[in-house]
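> Any chance you can model this:
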Amino acid sequence: MDRVTTQIFEEKKRALTRGEIKQDSGAKDLMSILMKANMDATVEDRLPDKEVLAQIQDKLRDEVTRLLEGNEDSIPYNELISLPFLDAVCRETLRLATEDYLLPLSAPVKGVDDSSIDSIFIPKNTKVFVSIYNINRDPTLWGSDSSEWKPERWLSRLPQAVHDAHVPGVYSHMMTFLGGSHACIGFKFSELEMSASTDDDGYKLIDN
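Sure, this is the predicted structure:
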């Protein structure tokens, strides 16, 4: 996030210098206010860019620290997402973060040269595909029988690895119906349809 924040700072500074953002435009975000005030200051009083950026980071750090003081063991989800400046930083970072990205892996993998790889470099404009098949059958999450059709697995607690993975699917730790804004809005209807497609002889396979 520090790299992206610095990039956003530099882009906004160039925009101010070129006049694309007017000094009196009324922009009220903290970065714009600090940058404009610093640019209006005399050369003697002007702060280095790193110091201006540090003030923004300090504001974020103070907000998070205040929350941590009342929650030593863990931070309740509702309180974490209610932090206004943290939310603003995340939104602005995601809005402008379009450059290369280093994606951390949940567990290291071995390269063809036997080296350990714990992250993947993803260049800008790379198309990324989510493998639903492999996520739903990952033996490190579902166990050694992950490829078996075994309804009994749902009658007891799932492996802790499944819970810890936080798979972002809309349905039961799976990506079958995707998640987020791309989630299937009819997944409940699909559940109902599957349940209704049974008769006294057991499950009935329906041809599409």
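> Contact partners for W154?
With contacts taken as CB atoms under 8 Å, 6 or more residues apart in numbering, W154 has no neighbouring residues. (Each C-beta comes from the backbone N, C-alpha and C, glycine too.)
> Where does it sit: helix, strand or coil?
Here W154 is recorded as helix under DSSP: H, G, I helix; E, B strand; the rest coil.
> what's the pLDDT at it?
Residue-level confidence at W154 comes out at 94, pLDDT.
> Report the buried residues of the host helix or strand of E92.
Using DSSP states H and E, E92 sits within helix 84-96. Buried residues in helix 84-96, counted by 16 or more other CB atoms under 10 Å: 86, 89.
> CA atoms only for the lengthiest strand in the chain, dumped as PDB, please.
Scanning the chain for the longest strand, with DSSP state E as the assignment, gives strand 101-110. The C-alpha atoms that make up strand 101-110 are tabulated as PDB, following Å, rounded to 0.1, in the frame of the first residue of the first chain:
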ATOM      1  CA  TYR A 101       1.000  -6.200  -8.500                       C
ATOM      2  CA  LEU A 102       2.800  -8.700  -6.400                       C
ATOM      3  CA  LEU A 103       0.300 -11.300  -5.300                       C
ATOM      4  CA  PRO A 104       1.200 -13.100  -2.100                       C
ATOM      5  CA  LEU A 105       0.400 -16.900  -2.000                       C
ATOM      6  CA  SER A 106      -1.300 -18.500   1.000                       C
ATOM      7  CA  ALA A 107       1.400 -21.200   0.900                       C
ATOM      8  CA  PRO A 108       4.700 -21.300  -1.000                       C
ATOM      9  CA  VAL A 109       5.000 -23.500  -4.200                       C
ATOM     10  CA  LYS A 110       8.100 -25.000  -5.700                       C
END
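> For L192, give its distance to L68.
The spacing between L192 and L68, counted by CB to CB, to the nearest Å, is 44 Å.
> re earlier: give me the mean pLDDT for the longest strand of the chain.
Confidence for strand 101-110, expressed as mean pLDDT, is 84.
> Helix or strand next in line after it, which one?
Scanning the chain past strand 101-110 towards its C-terminal end, the next helix or strand to appear is strand 116-122 (assignment: DSSP H and E).
> Name the strands paired with that next one and say parallel or antiparallel.
Taking DSSP bridges as the criterion, strand 116-122 pairs within the sheet with strand 101-110 (antiparallel).
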